[in-house]
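1. below is the sequence, then the predicted model.
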Amino acid sequence: MTKRHIRTIALAVLTIIGGAASAQPQQNTLSEVVEILGNVSSSSRPVGSALVIALNLSTFYAAQTLSTETGAFRLPPLRAGVYRIIAVKQGFTPAVTTIIPTSREQTLAIRLQTEKPLN
């Protein structure tokens, strides 16, 4: 594991912890199970093997999956709620977004930016 990889993972963990502690969860009227799916890309190309994490900001339950070679991902079924979605992969800056699913199937487009070398 390289220093860059460790730094990327550490940044993602700090984002999860810091954002979850300061988040103000909102009440969601959707009382069923939701599915979060989508694609991870950079510029116009898919990013495979990206780690996609969903963190429930009320319960702190987390689920994760990896994107396929085509960048597609599907998280396991989750209870309705407010979620912080994080996508990470070595060589890219982590992408973070917060969502409140409003339908049984929530589709996301996650864009990763190429990480700039430290000089």
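-> In hand now; what should we look at?
2. quick one: the residue nearest the centre of the chain and T68, what's the gap?
-> Taking Cα atoms, centre = their mean as the criterion, I86 is the residue nearest the geometric centre of the chain, at 2.4 Å. Counting by Cβ to Cβ, to the nearest Å, the separation of I86 from T68 is 18 Å. All C-beta spots, glycine's among them, are computed from the backbone N, C-alpha and C.
3. A80 now?
-> Per Cβ to Cβ, A80 is found 26 Å from T68.
4. try L57
-> 27 Å.
5. between these two, which one's more packed in?
-> Counting neighbours by other Cβ atoms under 10 Å for L57 and for T68 shows that L57 has the greater number, 21 against 15.
6. in terms of pLDDT, where does that one sit?
-> If you check L57, the pLDDT there is 97.
7. make 116 the first number, not 1, from now on.
-> From this message on, residue numbering opens at 116, which makes the last subject L172.
8. all helices of the chain, in order?
-> With helices called from DSSP state H, the chain shows them at 118-137.
9. touching, the residue nearest to the centre of the chain and L170? I think so.
-> Yes. Using Cβ atoms under 8 Å, I201 is in contact with L170, at 7.2 Å.
10. ok, now which ones touch G153?
-> Contact analysis of G153 by Cβ atoms under 8 Å, 6 or more residues apart in numbering lists 187-188, 222-225.
11. which of the residues you listed count as buried?
-> Neighbour-count burial (16 or more other Cβ atoms under 10 Å) is assigned, among the contacts of G153, to 188, 223, 225.
12. let me see the mean pLDDT of stretch 200-215.
-> Averaging pLDDT along stretch 200-215 yields 95.
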